[in-house]
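Novice: predicted model and sequence follow; I will ask about them next.
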There are 2 protein chains.
Amino acid sequence: MSLPGLLNANHRVRMIMGQLTKTYKRSRVPLYLQVASTLARRIEGGQWQPGQKISTLEELGAEFQVARVTVRQAIEVLENDGLVRCRQGKGTFVIQGTRNKRWLKLETEWSALIETIGDNVPRFIVGKGPGPAPAPRLDDGEGALAADYEHLLSVQSRNNQPYAVASVYLARHVYERALEQFRAGMALAVLPNLDGLAIASAHQTLVIGSADTETAELLKVALNAPTAEAHCVVVDDRGIAIYVGDIVYRGDCVKLDIDLLGGSVR
Amino acid sequence: MSLPGLLNANHRVRMIMGQLTKTYKRSRVPLYLQVASTLARRIEGGQWQPGQKISTLEELGAEFQVARVTVRQAIEVLENDGLVRCRQGKGTFVIQGTRNKRWLKLETEWSALIETIGDNVPRFIVGKGPGPAPAPRLDDGEGALAADYEHLLSVQSRNNQPYAVASVYLARHVYERALEQFRAGMALAVLPNLDGLAIASAHQTLVIGSADTETAELLKVALNAPTAEAHCVVVDDRGIAIYVGDIVYRGDCVKLDIDLLGGSVR
DNA sequence: CTCAATTTGTTCGTATGTATG
DNA sequence: ACATACATACGAACAAATTGA
């Protein structure tokens, strides 16, 4: 049975469809936020330099095919975020305070990676208490599971700013060889210090994701903010995955540098 | 002087501040969308297996500290996206159809990269017409600018689905050595075919960004959807940047595979 | 078969947010 | 600044399907 009246009430589409409106409709995020974040990109990307006057509300409205009031609303968001300053009768200007985006360089080679994270001090999070840790997630070709794992959950910070949360599984027989070291610093940096431990392979996959509730809270970012999710697995000479780390980085601070010709990174 | 009555009327905002509400307020995205994407992550991350019944609306409402109607609204989004199926009186279940995410593997080594993109057929976009192309963006240590560049703008597709837009600058003296080839396929794959062209370095930096208006339109994604932005520079033996490519990938399909041991000593 | 418990589906009223002209 | 229309979010109440006692 159909209820045309009801459907009509719910699906009465806008007759006036701007250029952007089609693109906009692909997302359910409010229009003024989409405009705001586009403008923010222009500023952070250097397209609009600090001190410079940006386009007028009129021009921006025409460009994005939205009402002037909507642009105004977007600009208000930027002003609250300290990106621009509006001057009645003069225009809107990019704030001088040059926000230097501090990139966090993700190393793609073992020794460089160890070096950069060596003196990181993670803040460990108490999990659900002791007990048998659940097995880590392993994809095909990432080695066999060890008998038992120790699970370490931590937040990585730099300049007092959290930039990543790490969920690390360490094979128990490895963990127990250096309890204090593993509890003091980055597990990955400890591994090479262990005598007689042969590392057969160490690889990492990286995908783009978004912050869930817990991650957002720990990283102090918005829910669903873009993230880089690294899945790192170290396998010993017997084919056992002794280290499995799932590390979620803030998306706005990771930078990967890849030398396509091999050899060392610049 | 205080006017408790008035203040009360205006400020009787949410006395009940849920766990999520604080995190939620960091983002201005509608609450039900934030809940939806958190739930989607649980499903895609395997936390809720296909066929399994997920928590009840009541439970989810309690967990996220939102109204049951709001959870309902979030679930509705997932149902429309084909992730779950709701059954009155029974519960909500994860759809069986295992939607295998087709990852686009971004190669991190020259020969593998060339191989994978070799038979890509880009769709070129007519730019602002011929004329002196603006110089490409070059960071420190990325070589010196050539005298003149040819600018190629293209969309990369796979299975008729666009996955990247590429903005490529080719030094004119290189471009003119193989016009047809450069116009037919991927510029990067053509370079090794040119005799007497010595490639001194080829490297790539990768950051996470979000789609601007044009990119969103070309990739058929939402405005501000997460992207992977690759900046690739090839320098010849005279220190001239002969190829500068800025490639924006859809964030939901790129996957990086990095061998940390890469043939070096640990 | 009836009854109660559980769970999703729907509607209402209210308040606030979003977008337009 | 205002009027209008629609979207978002809440609590509450009730309807409908499923299950097991």
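Specialist: That came through, no problem.

Novice: all helices for chain A, in order.
Specialist: Under the criterion DSSP state H, helices of chain A are mapped to A:4-11, A:19-25, A:31-44, A:57-64, A:68-80, A:110-117, A:172-175, A:179-184, A:187-190, A:213-219.

Novice: which outside residues touch the longest one?
Specialist: Looking back up the chat, that one is helix A:31-44. Outside helix A:31-44, the residues within contact range by CB atoms under 8 Å, 6 or more residues apart in numbering or on different chains are A:20, A:24, A:27, A:47-48, A:54, A:60, A:64, A:66, A:70-71, A:73-75, A:77-78, A:81, A:83-84, A:94, A:99, A:101, B:28-29, B:209-210, B:212-213, B:223-224. In short, each C-beta sits where N, CA and C put it, glycine included.

Novice: please pick the buried ones from these.
Specialist: Using 16 or more other CB atoms under 10 Å in any protein chain shown as the burial test, these include A:20, A:24, A:27, A:48, A:54, A:60, A:64, A:66, A:70-71, A:73-75, A:77-78, A:83-84, A:94, B:29, B:209-210, B:212-213, B:223-224 as buried.

Novice: go back to those residues and keep what's next to DNA strand C.
Specialist: Filtering those for neighbours of DNA strand C using CB under 7 Å from any atom of the strand leaves A:66, A:70, A:73.

Novice: a markdown table for those residues, including distance to chain B?
Specialist: Listed next are these as a markdown table, based on distance: CB to the nearest CB, whole Å:
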| residue | distance to chain B |
| --- | --- |
| A:Val66 | 11 |
| A:Thr70 | 14 |
| A:Gln73 | 11 |
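
Novice: list the beta-bridge partners for the residue nearest in space to the middle of chain A.
Specialist: By CA atoms, centre = their mean, chain A has its centre lying nearest to A:Thr227, at 2.1 Å. The partner list for A:Thr227 in beta bridges (DSSP bridges) reads A:Gly209, A:Arg250.

Novice: that one touches A:Thr215, doesn't it?
Specialist: Yes. Look at A:Thr227 against A:Thr215 with CB atoms under 8 Å: they come within range, at 6.9 Å.

Novice: the stretch 51-200 of chain A against chain B: which residues are in contact?
Specialist: A:64, A:77, A:103, A:108-111, A:113, A:137, A:192, A:199 (CB under 8 Å from any CB of the partner chain).

Novice: closest to DNA strand C among these?
Specialist: A:Phe64 (8.3 Å; CB to the nearest atom of the strand).

Novice: what's the spacing between that closest one and A:Ser201?
Specialist: Going from A:Phe64 to A:Ser201 by CB to CB, to the nearest Å gives 49 Å.

Novice: same question for A:Arg72.
Specialist: The gap separating A:Arg72 from A:Ser201 is 56 Å, by CB to CB.

Novice: and A:Val29, by the same measure?
Specialist: A:Val29 is 41 Å from A:Ser201, by CB to CB.

Novice: same deal with A:Glu79?
Specialist: Taken as CB to CB, the span from A:Glu79 to A:Ser201 is 51 Å.

Novice: who has more neighbours out of these two?
Specialist: For A:Glu79 versus A:Ser201, the count of surrounding residues by other CB atoms under 10 Å in any protein chain shown is larger for A:Ser201: 17 against 14.

Novice: which residues touch that one?
Specialist: Taking CB under 8 Å, 6+ apart, we find A:Ser201 in contact with A:143, A:233-235, B:259, B:261.

Novice: narrow those residues to those in strands?
Specialist: Applying DSSP state E to these, the entries found in strands are A:233-235, B:259.

Novice: ok, the residues you listed vs B:Gly89, which is closest?
Specialist: Comparing the ones in strands among the contacts of A:Ser201 against B:Gly89 with CB to CB places A:Val233 closest, at 43.8 Å.

Novice: pLDDT score assigned to that closest one?
Specialist: Confidence at A:Val233, expressed as pLDDT, is 96.

Novice: likewise for A:Met1?
Specialist: On the pLDDT scale, A:Met1 is placed at 33.

Novice: ok, and the closest non-adjacent residue to A:Val77?
Specialist: Leaving aside its sequence neighbours, A:Val77 sits nearest to A:Ala36 (CB to CB, 6 or more residues apart in numbering or on different chains; 4.2 Å).

Novice: doesn't A:Glu214 make contact with A:Leu223?
Specialist: No. Using CB under 8 Å, A:Leu223 is not in contact with A:Glu214; the gap is 10.1 Å.

Novice: now stretch A:119-131: mean pLDDT?
Specialist: 70.

Novice: and for stretch A:57-76?
Specialist: Mean pLDDT, stretch A:57-76: 94.

Novice: do that stretch and DNA strand D meet?
Specialist: Yes. Using CB under 7 Å from any atom of the strand, we find that stretch A:57-76 touches DNA strand D at A:Val69.

Novice: ok now that stretch, how far from the chain's centre?
Specialist: 29 Å (CA atoms, centre = their mean, to the nearest Å).

Novice: what does stretch A:212-220 contact?
Specialist: The contact list for stretch A:212-220 (CB under 8 Å, 6+ apart) reads A:125, A:155, A:161-165, A:211, A:222-225, A:227, A:248, A:250, B:20, B:23, B:26, B:38, B:41-42, B:64.

Novice: of the residues you listed, just the buried ones, ChimeraX syntax please.
Specialist: Selection command for ChimeraX covering only the buried members of these, criterion 16+ other CB under 10 Å:
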select /A:155,162,163,164,165,211,222,223,224,225,227,248,250 /B:20,23,38,41,64
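
Novice: low-scoring stretches of the stretch 101-250 of chain A, by residue?
Specialist: A:127-133 (pLDDT under 70).

Novice: please redo it, this time with the cut-off set to 50
Specialist: Scanning the stretch 101-250 of chain A for pLDDT under 50 picks out A:129-130.

Novice: nearest to chain B: which residue in it?
Specialist: In the stretch 101-250 of chain A, no residue comes nearer to chain B than A:Ala222, which is 3.4 Å away by CB to the nearest CB.

Novice: is that residue in contact with A:Asp252, as I believe?
Specialist: No. Between A:Ala222 and A:Asp252 there is no contact under CB under 8 Å: 10.7 Å.

Novice: what pairs with A:Gln204 across the strands?
Specialist: Counting by DSSP bridges, the residues bridging with A:Gln204 are A:Cys232, B:Ile258.

Novice: what of A:Ala241?
Specialist: Going by DSSP bridges, A:Ala241 forms beta bridges with A:Val235.

Novice: residues contacting it?
Specialist: When contacts are counted by CB under 8 Å, 6+ apart, A:Ala241 touches A:136, A:138, A:142-146, A:171, A:233-235.

Novice: run the last query once more with 7 Å
Specialist: Counting by CB atoms under 7 Å, 6 or more residues apart in numbering or on different chains, A:Ala241 touches A:138, A:142-146, A:233, A:235.

Novice: what is the neighbour count of A:Ala189?
Specialist: Counted by other CB under 10 Å, the residues lying close to A:Ala189 total 18.
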